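Peer 1: Based on what follows, work out the 3D shape:
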Amino acid sequence: MDYIRFFLGNKRLISFGFILTFFSSFGQTFLLSLYVPKIINEFELTNSYFGGLYAIATVTSSLILAYVGKLIDSSDLRKYTIYSALLLLASSLMMAFSFNIIMIFLGVLGLRFAGQGLLSHISNTSISKFFDKTRGKALSITSLGYSTGEGIFPILMIFVIGYVGWRNSLIINSIMVAVVLIPVIWFSLANIKEKDDESKGNKKNSDFSRSVLFKDRNFYLIALNSIVLPFMVTGLFFYQTSLADFKNWTIEWLSFSFLGFAAGRTISSLLSGKLIDKYSALKLLPLYLIPFLIGLTTLLFFNHSYVAFVYLTLTGVSVGLGGTIKTAVIAETYGVKSLGGIRSVFATIMILGTALSPLLFGFLIDNGYSFMHIISGGIILVIIVSFLSIQINTQYKYATQTS
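Peer 2: So this is what the prediction gives:
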């Protein structure tokens, strides 16, 4: 009931944030990966070649986001968001009508930049700026757009691609952007006055900007958290067809198991909002990877088909917790005055992680390494990052006590 009252009191802003995270699915790996086998077959590519193409497109999008992302701090929010949606629409059409690998590259670049990059960035940044004491609650609700997309689109797109083909499915995606996303953006931000005052809860960091970001030790510790989960999840999702073959699962069952991912992400997103507002995101940062660690361990040692559901559900829990916690950590640490510029740096780092894993995983798969090696490496990586995250919390306590 508390969340319902909160939504009703802020329904236009919350709807705006939700619709952006929902439609960011069109640029997310879990959805784009469903097109990979079709593209590889039609254009006669190898896994590593397309993985490299995907990596280059993703790295390029992250570098562009580092510059374009900071413009949200000085631009009209409605225009900025509509331009991003139009780019998403154009990129879907580019891929739908592609006749060579260059057009595929440009389409992937646009979808990654506009979908995964800009729509997610706009939602998290604008919601963090509009809400202060209830930031965690607001972010937890708007982040439900991610889990809703993850629960609906994999099953829907497998059906649509199988029925009308991968090209026509992209045309349908572009129509959805035109008739749903853009009108919602236009009406939800009508007569909304943007908040330009600094967060009252962080006066100490009110003037923090990107110019001094790289001198801060916390930056590198937060950056590790920004990259580790997207790196592993993107690689596993990108090659989900190969993972299904390795585990003797059907791709239909694995796609159905994404309902567990969506459920885990939904529940943990709602829970994280209350925890953040009560305890602070910095105190929660070292803990959010634990469910993913358990999920990877289960995936490593067991092959039963139900393991897919368990692994994806626990992964969804960490993704749901991490999405809200990491955004709130940035706002708590650096304030909101230059949040768009600062967050775009972390978003760039996160996207770089999503670019590297398809390339690395593709190389490993093509050279005879199994998912046993990949999952084992992921477990070690998660343990190291979780341990290092404790230092951010310690430094925060020290800074608070001595300020």
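Peer 1: Could you use CA atoms for every contact and neighbour count after this?
Peer 2: Noted.
Peer 1: pretty sure residue 342 is in contact with residue 71, am I right?
Peer 2: No - Residue 342 lies out of contact with residue 71 (CA atoms under 8 Å); the separation is 11.0 Å.
Peer 1: So those two - more neighbours on which side?
Peer 2: A direct count of neighbours by other CA atoms under 10 Å for residue 342 and residue 71 places residue 342 higher, at 24 against 16.
Peer 1: Which strand or helix spans that one?
Peer 2: Element membership of residue 342, judged by DSSP states H and E, is helix 339-366.
Peer 1: again with residue 173
Peer 2: Counting by DSSP H and E, residue 173 is found in helix 166-176.
Peer 1: Contacts for that helix, please.
Peer 2: With contacts defined as CA atoms under 8 Å, 6 or more residues apart in numbering, helix 166-176 is touched by 26, 35, 38, 88-90, 92-93, 95-97, 157, 160-161.
Peer 1: are any of these buried, and which?
Peer 2: 26, 35, 88-90, 92-93, 95-96, 157, 160-161 (16 or more other CA atoms under 10 Å).
Peer 1: where along the stretch 1-150 of the chain do the helices fall?
Peer 2: With helices called from DSSP state H, counting those that start in this stretch, the stretch 1-150 of the chain shows them at 2-9, 11-23, 29-32, 36-43, 47-68, 77-96, 101-111, 120-130, 135-142, 144-164.
Peer 1: closest to residue 353 out of these?
Peer 2: Closest to residue 353 of the helices of the stretch 1-150 of the chain is helix 47-68 (CA to CA; 8.7 Å).
Peer 1: Kindly calculate the angle that that closest one makes with helix 77-96.
Peer 2: Orientation of helix 47-68 against helix 77-96 (axes from the mean of the first three to the mean of the last three CA atoms, to 10 degrees) gives an angle of 160 degrees.
Peer 1: Figure out how far stretch 65-83 is from the centre of its chain.
Peer 2: Chain-centre distance of stretch 65-83: 18 Å, with CA atoms, centre = their mean, to the nearest Å.
Peer 1: Chain neighbours aside, what residue packs nearest to the most centrally placed residue in the chain?
Peer 2: Relative to the mean C-alpha position of the chain, the nearest C-alpha, by CA atoms, centre = their mean, is the one of residue 116, at 6.2 Å. Distance criterion CA to CA, 6 or more residues apart in numbering; nearest residue to residue 116, sequence neighbours excluded, is residue 27 at 4.9 Å.
Peer 1: Could you list the low-confidence segments of the stretch 201-350 of the chain?
Peer 2: By pLDDT under 70, the low-scoring segments of the stretch 201-350 of the chain are 201-211, 336.
Peer 1: rewinding a little: check the contacts of helix 166-176 against residue 120 and report the nearest one.
Peer 2: residue 26 (11.3 Å).
Peer 1: per-residue pLDDT, the residue nearest to that closest one when sequence neighbours are not counted?
Peer 2: Leaving aside its chain neighbours, residue 26 sits nearest to residue 115 (5.9 Å; criterion: CA to CA, 6+ apart). For residue 115, the model assigns a pLDDT of 92.
Peer 1: how close does residue 115 sit to residue 90?
Peer 2: As for residue 115, its distance to residue 90 is 12 Å (criterion: CA to CA, to the nearest Å).
Peer 1: quick one: the helix holding residue 342 to helix 120-130, angle?
Peer 2: 150 degrees.
Peer 1: Tell me the buried residues in helix 339-366?
Peer 2: 339-365.
Peer 1: list the helices and strands that helix packs on?
Peer 2: helix 47-68, helix 120-130, helix 217-238, helix 306-334 (3 or more CA pairs under 8 Å, 6 or more residues apart in numbering; DSSP states H and E).
Peer 1: Go through these and name the closest to residue 22.
Peer 2: Closest among the helices and strands packed on helix 339-366, using CA to CA: helix 120-130, at 9.0 Å.
Peer 1: average pLDDT across the closest one?
Peer 2: 89.
Peer 1: surely the residue nearest to residue 26 meets residue 23?
Peer 2: Yes - using CA under 8 Å, residue 115 is in contact with residue 23, at 7.0 Å.
Peer 1: quick one, phi psi at residue 134?
Peer 2: phi -110, psi 30 (degrees, to the nearest 10).
Peer 1: can you count the residues close to the residue lying closest to residue 145 once chain neighbours are set aside?
Peer 2: The shortest distance from residue 145 to any non-neighbouring residue, by CA to CA, 6+ apart, is to residue 22 (4.0 Å). By other CA under 10 Å, 24 other residues sit near residue 22.
Peer 1: show me the contacts for residue 22.
Peer 2: Residue 22 neighbours (CA under 8 Å, 6+ apart): 144-149.
Peer 1: Residue 113 touches residue 26, doesn't it?
Peer 2: No - using CA under 8 Å, residue 113 is not in contact with residue 26; the gap is 10.6 Å.
Peer 1: So for these two, which residues contact both of them?
Peer 2: By CA under 8 Å, 6+ apart, no residue touches both residue 113 and residue 26.
Peer 1: Relative to residue 84, how far out is the residue nearest to the centre of the chain?
Peer 2: Applying CA to CA to residue 116 and residue 84 gives a distance of 11 Å.
Peer 1: what's residue 13 in contact with, if anything?
Peer 2: With CA under 8 Å, 6+ apart, residue 13 has these contacts: 127, 188-189.
Peer 1: same deal with residue 355?
Peer 2: Per CA under 8 Å, 6+ apart, neighbours of residue 355: 54-59, 231.
Peer 1: same check, this time on residue 109
Peer 2: Contacts of residue 109 by CA under 8 Å, 6+ apart are 57-58, 60-61, 91.
Peer 1: neighbours around residue 14, how many?
Peer 2: 21.
Peer 1: Please report how far residue 52 lies from residue 355.
Peer 2: 8 Å.
Peer 1: I meant to write residue 212 there.
Peer 2: For residue 212, the distance to residue 355 - CA to CA - is 26 Å.
Peer 1: Kindly report the same for residue 99.
Peer 2: 24 Å.
Peer 1: Residue 92 too?
Peer 2: Counting by CA to CA, the gap from residue 92 to residue 355 is 19 Å.
Peer 1: any low-confidence regions in the stretch 51-200 of the chain?
Peer 2: 193-200.
Peer 1: what do you get if the cut-off is 50, keeping everything else the same?
Peer 2: Within the stretch 51-200 of the chain, the stretches with pLDDT under 50 are 197-200.
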